[in-house]
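S.K.: Compute the structure for the input listed below.
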Amino acid sequence: MPQGRFHTDKSGNRFGMLTLVTMLDQKNSNGSYRYITQCDCGESKAIYYNQMASGRSKSCGCLSRRTGAESPAYKHGRSQTKEYDLELHMKRAYGLGFKEYEEMLFNQNGVCAICNGEPPKNQHKTRLNIDHCHTTGKVRGLLCDACNRAIGLLKDSQDLLEKAKQYLNANAR
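M.R.: Numbering: from 1, shown residues only. From the prediction side, this is the model:
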């Protein structure tokens, strides 16, 4: 049985679904020995030790062939859907899920908090924007695109908003 200068035989150890059976006299360029492994699914395969120790190899390959609820990547059946990606973005950026968004929308009677405009109904966008303070991150309400942009272009400044109001009043027809 081969023994490396720094590597002792690890036969019998487990990594994921793999049990190391026999250490071979083969090394890769990193000096990692190859082992015959037995997967929990019953298949044997030769794999380098560093691939198992690093977590890159957890099975003979049977895990990657699993689909649906049997897949190790399966979480809730919504992964990589447009709705899941949107909710994930809302959670990360604003701390809101769909439930909180729907509650805010209900409390605003389903319209923009400023102009009372309804959410867009086109193929690209169907929701109001989540307005938040860029300093504190606190969510303030739901706004249509125009109102959200207006506040952003006025830099969330009440002084600039008041000056814009005065300007419009002074130049009214």
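
S.K.: Surely residue 131 forms part of a helix?
M.R.: No - Residue 131: not assigned to a helix; according to DSSP: H, G, I helix; E, B strand; the rest coil it is strand.

S.K.: Please name the residues that touch it.
M.R.: Residue 131 sits next to 113, 139-143, 148, 151 when contact means Cβ atoms under 8 Å, 6 or more residues apart in numbering. Where C-beta positions appear, they are placed from N, C-alpha and C, glycine not excepted.

S.K.: what about 10 Å?
M.R.: For residue 131, the contact set (Cβ atoms under 10 Å, 6 or more residues apart in numbering) comprises 94, 112-114, 138-143, 147-148, 151-152, 156.

S.K.: Buried only: go through those for me.
M.R.: Using 16 or more other Cβ atoms under 10 Å as the burial test, the contacts of residue 131 include 94, 112-114, 139, 141-143, 147-148, 151 as buried.

S.K.: mind putting those residues in CSV, distance to residue 171, pLDDT and secondary structure included?
M.R.: Output for the buried ones among the contacts of residue 131, formatted as CSV (distance: Cβ to Cβ, whole Å; pLDDT from 0 to 100; DSSP: H, G, I helix; E, B strand; the rest coil):
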residue, distance to residue 171, pLDDT, secondary structure
94, 37, 89, helix
112, 25, 95, coil
113, 27, 95, coil
114, 21, 95, coil
139, 34, 93, strand
141, 29, 95, strand
142, 31, 95, strand
143, 25, 95, strand
147, 21, 93, helix
148, 25, 93, helix
151, 21, 92, helix
